[in-house]
Structures are given as structure tokens and as C-alpha cells.
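>>> Quick check, what structure comes out for this input:
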Amino acid sequence: MKLYLIRHGQTQANVDGVFCGSSDIALTAQGETQTQHVARQLAETPLDCVIHSGMRRSQATAEFIVKGREIAVESQPLLREMGFGEWEMRHHKELEASEAEGYQQWCQDWQKAAVPQGESFTEFTGRIRQALQQIHLRPPVSCVAIVAHQGSLSLLLAMMLKLAPADMWRFPFKQGCLCEIDLSPGACVIQRFNDSGI
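Reported below is the predicted structural model:
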């Protein structure tokens, strides 16, 4: 199976450096430019479908990719970013200064500490594992683009490579780039990572 893993284009939350998981926000003008660039990179690729997380930022990115092409588009909420609850749209410096509930504990042990009104890493990991199981159900000759988020994509890739969930941080997905994967039941090969096509 050929997979193209694509992080959504830039949002204002990315510019501001705030936590943004479940907040449903749009792309910036720069984000739209980035997605148009990715669409040009994939213009000659015979995609069977494009899957997005259902969030506006990923859906808009997917729509740019399929524009003018006869390609199926699917929404898969399992691929959404981790939800940050009370920390949504807040900067880490603000959380530190205000001594926000649970923040220091989360910084010390982010895999086990709870996010107030948010999603635990255990819950997030379970959800992404379900998403990977759904991907494996597809025909082995499929060619699929997946448009999602930094957290969900990096965790998904770590799982494909049979690494520990904590190894997700080894894979910083850049916006406006492609990650090309060959996935089979017994192997995962990264052909390209953060390829801007330039």
C-alpha cells in the first residue's frame, strides 16, 4: 500500500504557538499556499482516495489536493489531533505563569498525566491505533493520501514502524511537505519524509 502522509496547512494557532487539538480553526493564507504546493506535488499521483480528520484545517487541505480531480474523499475522526481540553488555544508560557492545573505534572510525565477536560495520551494512542487498523483493512494495492495533524501523523508513523508511542517525537511533520510510505503487513518503508519538492 502506498501512503502519503500530509500535515494540514498553517493555521493561526501554529503562528501563535498555542495548543490546538480539538479547536476547529481555518487555514491562514500561508496555509492555503502550502496546500496548493502539496496539491501540485501530487498532481500526477494516481490516488484512490484522500482521507482527512474532519477538522476544517485538514478538510480544506484535502479539498485543495482533490480539486479538479475524480478522487474519493473520506472523513476519519479517529485521525484528529489530541484534545487539549482547558489548554486549547493557550500558550505554554501562559500555562506556566498561571500555574494551570496539572500543567507541570504533564510536562514531567506527558504520557501518564491528565489534561484537564482533555484527552489522555493513553486515549489518544488507542484512537490512533484504531485508525491504523482501519488503514490495514484497505486493499494492499491502494494509493491513499492521509491529511491530518502533527500529533496524529507522528504517532501513526511510529506505530507503522513498530516503535514505542513516545518515539512519535522523532517525526516532526512540516507543513507544505509530503511523507511517502510503503506499507505492507510485515514492513513499513519511508521513501520520502518532509519532501517539499524543491
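
>>> Not counting residues beside it along the chain, what's closest to the residue most central in space within the chain?
Nearest to the geometric centre of the chain sits His149, at 2.1 Å (CA atoms, centre = their mean). Ranked by CB to CB, 6 or more residues apart in numbering and with sequence neighbours excluded, the top spatial neighbour of His149 is Glu81, at 3.8 Å. For the C-beta atoms, the positions are set from N, CA and C on the backbone; glycine is no exception.

>>> The one you found: neighbouring residues, count only.
23 (other CB atoms under 10 Å).

>>> Tell me which residues touch the residue nearest to the centre of the chain, please.
His149 sits next to 7-8, 21, 53, 55, 57-58, 79-81 when contact means CB atoms under 8 Å, 6 or more residues apart in numbering.

>>> SS state for Glu81?
Following DSSP: H, G, I helix; E, B strand; the rest coil, the label given to Glu81 is coil.

>>> does it really touch Gly54, like I thought?
No - shown here, Glu81 and Gly54 do not form a contact pair, counting by CB atoms under 8 Å, at 11.0 Å.

>>> Pull the contacting residues for Asp16.
The neighbours of Asp16, taking CB under 8 Å, 6+ apart as the test, are His91.

>>> where does it land on pLDDT?
Looking at Asp16, its pLDDT is 97.

>>> Ok, Met160 next?
What the model reports as pLDDT for Met160 is 97.

>>> From Val144, how far out is the closest residue to it other than its chain neighbours?
Excluding the flanking residues, the one nearest Met160 by CB to CB, 6+ apart is Cys188, at 4.1 Å. In this structure, Cys188 and Val144 are separated by 14 Å, where distance is defined by CB to CB, to the nearest Å.

>>> likewise Trp110?
According to CB to CB, Trp110 stands 30 Å off from Val144.

>>> Give me the more crowded residue out of these two.
Here Trp110 and Val144 are compared on neighbour count by other CB under 10 Å; more neighbours surround Val144, at 21 against 12.

>>> What's opposite that one in the beta bridge?
In this structure, Val144 has the following beta-bridge partners (DSSP bridges): Leu3, Cys49.

>>> give me every residue that touches it.
Val144 makes contact with 1-4, 47-51, 135, 138, according to CB under 8 Å, 6+ apart.

>>> buried stuff in stretch 117-135?
When neighbours are counted by 16 or more other CB atoms under 10 Å, the buried residues of stretch 117-135 are found to be 118-121, 124-125, 127-128, 131-132, 135.

>>> Show me what the longest strand seen in the chain is packed against.
Ranked by residue count and defined by DSSP state E, the top strand of the chain is strand 187-195. In terms of contacts (3 or more CB pairs under 8 Å, 6 or more residues apart in numbering; DSSP states H and E), strand 187-195 is packed against helix 150-160, strand 178-184.
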